[in-house]
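Student: all I have is the shape, not the residue letters:
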């Protein structure tokens, strides 16, 4: 993806920019060998403030085999070379508040936006609006909390010694604040979120191509080439297609898909609105809004509210586990990151809620799980849908890389990986291939839970919801206790957010699984 400084008005259409967690974080074009841990940096390079490093880049070490790019590693902290006598290194980012807000918007918005009209069908117009407000607001608050906790964690363990650098990953922060066991939980949830989001891509492609394949009247190109192929077969084909792509370890080859992703999602949003205004049902936006008064305002049951809805909203907004790359890429994250979060979430919330309500007014009770399925499959519309599918195929490996890295670190010892890299041991390649194949198979298995909305609801409500609503307040409370003798009133908001998180995660899990197996 491309990350340009853009006018604030572009944030109004940020939902059109690539897939919600199909995010390639901003790069400072600084790559390091992944052998030596950051703790080996000698003291002279450490900054005197909370800035990570103040020196200027003099030399760069470049590796094509899974380079550790500053601001891009979402699992562990980046590793640095040991020979710091000849290589001056800077980990301080260059991104401004506005560019960080743009990148956050890219994290939040994408394919999940096309499921929001159906969410509002389940939640009701007012219920969906309140759910969007609560989820977006609390996600922003906990992203603020994560950033603040980074510096509190450093201060709580410095004890007058030279201050450590703030943690550069969610796992590292959890380890510093809550301990190793909690860090492993965050590690596992990151894996679940990575694989879960990838599974929604398979579902999206499967549903879209199946609808094209079954459409006899439009005689679109998919129907001509592969007529009457069901969704499960398309999902299996999709999994087989992304497997070799997921074995690629140099992600630079996927940069060309940036423009494709922007074009595809932008086209999907605009065409959906234009189709509803001009073709089906027609009559313009005002008529669509007038129909809203005839629709239900509130969910009929808790099952409707949580089993098929709220987790999809969390799927969009709860991108806490993806925010560390953005934090790491900022010039002044301590003072500007929180403002960037508020700007991004507020703008994205506004755009998404308008899109959802207008589309619901167009199609009412006939609103599909993915609103794109309410459109016909003429030559231009079918081309747009195919473009979206192609974009997701190439987004899959980028998002998938976090989960694959976790599995490889857990299942392949560091000694074996180094031996394989040094001697070309084929066993490492075979091990990596087996792990990747198993992970892709897991993604395919998750698609059997249900349609796009069901899978997104479960992943968003459980993995992403826990990482957004439960872990951040737990970290904040734990750090607060280090500087106080016991319970303090300042902890109350964090306890309330944590309780809300537990209620949401448990409700989404129960009702989604209950609907899936009935």
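Tutor: That came through, no problem. Model, not experiment: these values are computed from the prediction. Numbering: from 1, shown residues only.

Student: continuing past the helix or strand harbouring residue 135, what's the next helix or strand?
Tutor: According to DSSP states H and E, residue 135 maps onto helix 125-158. Going down the chain from helix 125-158, the next helix or strand is helix 170-178, by DSSP H and E.

Student: are there helices or strands packed against that following helix, and which ones?
Tutor: Using 3 or more Cβ pairs under 8 Å, 6 or more residues apart in numbering; DSSP states H and E as the contact definition, the elements that helix 170-178 packs against are helix 125-158, helix 180-213, helix 471-482. For every residue, glycine as well, the C-beta is placed using N, CA and C.

Student: sorry, back to before: in terms of secondary structure, what does the helix holding residue 135 contact?
Tutor: Short answer (3+ Cβ pairs under 8 Å, 6+ apart): helix 125-158 packs on helix 116-123, helix 170-178, helix 311-317, helix 333-363, helix 465-469, helix 471-482, helix 492-516.

Student: Serialize these to JSON lines and add fields for mean pLDDT.
Tutor: Output for those, formatted as JSON lines (pLDDT from 0 to 100):
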{"stretch": "helix 116-123", "mean pLDDT": "89"}
{"stretch": "helix 170-178", "mean pLDDT": "91"}
{"stretch": "helix 311-317", "mean pLDDT": "88"}
{"stretch": "helix 333-363", "mean pLDDT": "88"}
{"stretch": "helix 465-469", "mean pLDDT": "94"}
{"stretch": "helix 471-482", "mean pLDDT": "92"}
{"stretch": "helix 492-516", "mean pLDDT": "87"}
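
Student: of the ones you listed, which approaches residue 268 most closely?
Tutor: helix 333-363 (10.5 Å; Cβ to Cβ).

Student: returning to that earlier point: any idea how far the helix holding residue 135 is from the chain center?
Tutor: Centroid separation for helix 125-158 versus its chain: 15 Å, with Cα atoms, centre = their mean, to the nearest Å.

Student: with stretch 229-244 instead?
Tutor: Using Cα atoms, centre = their mean, the offset of stretch 229-244 from its chain centre is 22 Å.

Student: what comes up buried for that stretch?
Tutor: 229, 231, 234, 235, 237, 238, 239, 242, 243 (16 or more other Cβ atoms under 10 Å).

Student: could I get the residues you listed as JSON lines with distance to residue 148 and secondary structure?
Tutor: Listed next are the buried residues of stretch 229-244 as JSON lines, based on distance: Cβ to Cβ, whole Å; DSSP: H, G, I helix; E, B strand; the rest coil:
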{"residue": "229", "distance to residue 148": "51", "secondary structure": "coil"}
{"residue": "231", "distance to residue 148": "44", "secondary structure": "helix"}
{"residue": "234", "distance to residue 148": "45", "secondary structure": "helix"}
{"residue": "235", "distance to residue 148": "42", "secondary structure": "helix"}
{"residue": "237", "distance to residue 148": "46", "secondary structure": "helix"}
{"residue": "238", "distance to residue 148": "41", "secondary structure": "helix"}
{"residue": "239", "distance to residue 148": "40", "secondary structure": "helix"}
{"residue": "242", "distance to residue 148": "38", "secondary structure": "helix"}
{"residue": "243", "distance to residue 148": "41", "secondary structure": "helix"}
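
Student: pull out the buried residues from the helix holding residue 135.
Tutor: 125, 127-129, 131-132, 135-136, 138-154, 156.

Student: can I get the helices and strands packed on helix 125-158 in JSON lines with distance to residue 378?
Tutor: Compiled in JSON lines, the helices and strands packed on helix 125-158 are given as follows (distance: least, Cβ to Cβ, whole Å):
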{"stretch": "helix 116-123", "distance to residue 378": "21"}
{"stretch": "helix 170-178", "distance to residue 378": "44"}
{"stretch": "helix 311-317", "distance to residue 378": "28"}
{"stretch": "helix 333-363", "distance to residue 378": "17"}
{"stretch": "helix 465-469", "distance to residue 378": "38"}
{"stretch": "helix 471-482", "distance to residue 378": "46"}
{"stretch": "helix 492-516", "distance to residue 378": "33"}
